[in-house]
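*Asks:* Sequence and predicted structure, then a few things I'm wondering about:
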Protein chains: 2
Amino acid sequence: MSGFAEATAVSKVAEGRYTAELDGGYRIGEALNGGYLMAVLLRAAVDASPHAHPVATNTAFLRVGRPGPAEISVQTRKTGRTAATAWVTLSQGDVPIVDAQVTTGTLDPDAEPSWAGQAPPALPPLEECVGGAPSLAKDRGFADRVDMRFDPATMGWLDGQPSGRLEMSGHFRLRDDDYAPDAYLLALAVDALPPVVLNTGSPGWAPTVELTWHMRAVPAPGALTLYGGGRMVRDGWFDEEVEVWDSAGRLVAQSRQLARVGRQTT
Amino acid sequence: MSGFAEATAVSKVAEGRYTAELDGGYRIGEALNGGYLMAVLLRAAVDASPHAHPVATNTAFLRVGRPGPAEISVQTRKTGRTAATAWVTLSQGDVPIVDAQVTTGTLDPDAEPSWAGQAPPALPPLEECVGGAPSLAKDRGFADRVDMRFDPATMGWLDGQPSGRLEMSGHFRLRDDDYAPDAYLLALAVDALPPVVLNTGSPGWAPTVELTWHMRAVPAPGALTLYGGGRMVRDGWFDEEVEVWDSAGRLVAQSRQLARVGRQTT
């Protein structure tokens, strides 16, 4: 099992051109996880930028990504002192898989918020959460790489008792525990929860169409806490918002995605 | 005074290429309002798409837009049955002013939400809100085109008494009252409020770096209601979220922007 750093590594082959080997360890079913694909393309985007952090990432998921070789192109749109913007594409075999508009900036790790809204209510402690131990028998992909322990109040859908609200929350860490949380792990975290729409009784797979996330602070070492919610399910579309808090109790990332409600599989 | 339809009109000159004449009526100070620029570029994006509505618009504000000629290029990235994605740039004199990654889809105007969160608390009625009558003496730009009446609870900053929270809300309509609310008016609405950061004591101009908004329903005729909030001010960055509700009491748009805290002007 390769670690997260290796699984998301990119190699520069020319100005604005990178290659990567996408790791099957981050697949859910046949498709690679969207957060994993964002982490890979953000490594290229940040490498090509004078700034250190992806402060705003707008992602359009065009096609399913699969394990194997990929190319990342970074087209710089503007480079400024405070922020730089680029159009980034992760392709496989010349077919665009994920497009992103990425704004980079440099966050001060030591800055304190001058104002912050109320933190979400604390999750139940780890031992009261619904776990997922790694399967020893068979490589299950994503669930073997990421250790999530879910708030039982948001997991009733597993037993046919959805809570009736767009919500999902849990503790999040890599099983590869040597990896210190950073921008790329936040990219994985904002798209790691099961779809919040499962709690309104929607069945199965809910493909993300567009996901935007903002990195607000450099995360402290330790586990992350994910709070997922949403405002509306209408006409086959729903929104999912995730806040990521670090072990020091700080808001480190915010995301919103627009996704399609899953269809009943027969 | 030209109406909103005329002020945001685009002319197709070739496949994926449009021109527009940007209207000084939508400037705030010397700069054209960001929502106005989004409305113009979205007309081109939707014209170039098989779908009717901009369901997800990711906008990077690169430079200040000014009244006069502009060009819009639309680069189709993927066209699917449910959604299409394009990279769109509004330029002036070959200099990119606004980049956008736009996902279009077709919303059913008659669909009812299958689930919706709670509506924000109602605003005070129009007559109890803080108005802005159009100046008769002099063309003030944006404030003469848009009629906003703000919730007095969020306007203390005007008198040096900011509420201490990231918030701002109000009733919104065009003074050009013949224009029926649509996607382009929603683009104007999500970036119309004064910056929420004024309520945490920040002075002056707060430039938007990135703004993403989702169109969730086709708005009913009549005034819109804007509810602005945010989660954190840190290291010179803040987030602003706006929900737009229509006269029929439905959530029609959601936005989040990442912006820079204004500097004290001396």
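*Replies:* Great, that's in hand.
*Asks:* Give the other helices and strands that the lengthiest helix in chain A contacts.
*Replies:* Across chain A, the helix with the greatest residue count (assigned by DSSP state H) is helix A:34-47. Applying 3 or more Cβ pairs under 8 Å, 6 or more residues apart in numbering or on different chains; DSSP states H and E, one finds that helix A:34-47 contacts strand A:17-22, strand A:53-61, strand A:68-79, strand A:84-92, strand A:95-105, helix A:183-190, strand A:208-215. C-beta: built from backbone N, CA, C; applies to glycine.
*Asks:* residues from the stretch 51-200 of chain A in reach of chain B?
*Replies:* Selection of the stretch 51-200 of chain A residues close to chain B by Cβ under 8 Å from any Cβ of the partner chain yields A:55-56, A:58, A:60, A:62-63, A:77-78, A:82-83, A:85, A:87, A:96, A:99-101, A:103, A:105, A:107-108, A:111-117, A:164-166, A:200.
*Asks:* For the longest helix of chain A, C-alpha coordinates in PDB please.
*Replies:* Taking C-alpha atoms only, helix A:34-47 is exported to PDB below (Å, rounded to 0.1, in the frame of the first residue of the first chain):
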ATOM      1  CA  GLY A  34     -13.200  12.900  -6.600                       C
ATOM      2  CA  GLY A  35     -11.300  14.300  -3.700                       C
ATOM      3  CA  TYR A  36      -8.300  12.100  -4.600                       C
ATOM      4  CA  LEU A  37      -8.400  13.400  -8.200                       C
ATOM      5  CA  MET A  38      -8.500  17.000  -6.800                       C
ATOM      6  CA  ALA A  39      -5.500  16.300  -4.500                       C
ATOM      7  CA  VAL A  40      -3.400  15.100  -7.500                       C
ATOM      8  CA  LEU A  41      -4.300  18.000  -9.800                       C
ATOM      9  CA  LEU A  42      -3.800  20.500  -6.900                       C
ATOM     10  CA  ARG A  43      -0.200  19.300  -6.500                       C
ATOM     11  CA  ALA A  44       0.400  20.300 -10.100                       C
ATOM     12  CA  ALA A  45      -1.500  23.600  -9.700                       C
ATOM     13  CA  VAL A  46       0.500  24.600  -6.600                       C
ATOM     14  CA  ASP A  47       3.800  23.600  -8.100                       C
END
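*Asks:* So for it, what gets flagged as buried?
*Replies:* A:34-46 (16 or more other Cβ atoms under 10 Å in any protein chain shown).
*Asks:* of those, closest to A:Arg216?
*Replies:* A:Leu42 (15.3 Å; Cβ to Cβ).
*Asks:* Buried residues in the worst-scoring helix or strand of chain A on mean pLDDT, which are they?
*Replies:* Here the helix or strand of chain A ranked lowest by mean pLDDT, DSSP states H and E is helix A:142-145, holding a mean of 87. By neighbour count with 16+ other Cβ under 10 Å, helix A:142-145 contains the buried residues A:Phe142, A:Asp144, A:Arg145.
*Asks:* From those residues, pick the one nearest A:Gln254.
*Replies:* A:Phe142 (22.2 Å).
*Asks:* Isn't the closest one up against A:Asp23?
*Replies:* No - A:Phe142 sits out of contact with A:Asp23 when judged by Cβ atoms under 8 Å, with a separation of 10.6 Å.
*Asks:* overlap in contacts of these two?
*Replies:* Residues touching both A:Phe142 and A:Asp23 (Cβ atoms under 8 Å, 6 or more residues apart in numbering or on different chains) are A:Tyr36.
*Asks:* in the stretch 51-200 of chain A, what spans have low per-residue confidence?
*Replies:* The stretch 51-200 of chain A contains residues with pLDDT under 70 at A:132-139.
*Asks:* switch to 80 and redo it
*Replies:* Low-confidence segments of the stretch 51-200 of chain A (pLDDT under 80): A:132-140, A:177.
*Asks:* count of neighbours near the closest residue to chain B within it?
*Replies:* Distances between the stretch 51-200 of chain A and chain B by Cβ to the nearest Cβ are smallest at A:Asn58, namely 3.4 Å. Neighbours of A:Asn58 under the rule other Cβ atoms under 10 Å in any protein chain shown: 28.
*Asks:* Just list whatever residues bridge to it.
*Replies:* Going by DSSP bridges, A:Asn58 is paired in beta bridges with A:Gln101, A:Thr212.
*Asks:* Spit out the contact partners of it.
*Replies:* Counting by Cβ under 8 Å, 6+ apart, A:Asn58 makes contact with A:Ala100, A:Gln101, A:Val102, A:Glu210, A:Thr212, B:Asn58, B:Gln101, B:Glu210, B:Thr212.
*Asks:* On the pLDDT front, check the fifth one for me.
*Replies:* Yep, that's A:Thr212 we're talking about. pLDDT, A:Thr212: 98.
*Asks:* show me what contacts it?
*Replies:* So A:Thr212 contacts A:Ala56, A:Thr57, A:Asn58, A:Thr59, A:Ser255, A:Arg256, A:Gln257, B:Asn58, B:Glu210, B:Thr212, B:Arg256 (Cβ under 8 Å, 6+ apart).
*Asks:* Among those, which one lies nearest to B:Phe172?
*Replies:* Sorting those by distance to B:Phe172 puts B:Arg256 at the head of the list, at 17.9 Å, by Cβ to Cβ.
*Asks:* my guess is that closest one is in a strand, correct?
*Replies:* Yes - assigned with DSSP: H, G, I helix; E, B strand; the rest coil, B:Arg256 falls within a strand.
*Asks:* I figured it hits B:Asp239, correct?
*Replies:* Yes - using Cβ under 8 Å, B:Arg256 is in contact with B:Asp239, at 6.0 Å.
*Asks:* intersection of neighbour lists for these two?
*Replies:* With Cβ under 8 Å, 6+ apart, B:Arg256 and B:Asp239 have common neighbours A:His214, A:Gln254.
*Asks:* ok, back up a step: in JSON lines: the helices and strands packed on helix A:34-47, plus distance to A:Arg173.
*Replies:* Formatted as JSON lines, the helices and strands packed on helix A:34-47 follow (distance: least, Cβ to Cβ, whole Å):
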{"stretch": "strand A:17-22", "distance to A:Arg173": "22"}
{"stretch": "strand A:53-61", "distance to A:Arg173": "21"}
{"stretch": "strand A:68-79", "distance to A:Arg173": "26"}
{"stretch": "strand A:84-92", "distance to A:Arg173": "25"}
{"stretch": "strand A:95-105", "distance to A:Arg173": "25"}
{"stretch": "helix A:183-190", "distance to A:Arg173": "9"}
{"stretch": "strand A:208-215", "distance to A:Arg173": "18"}
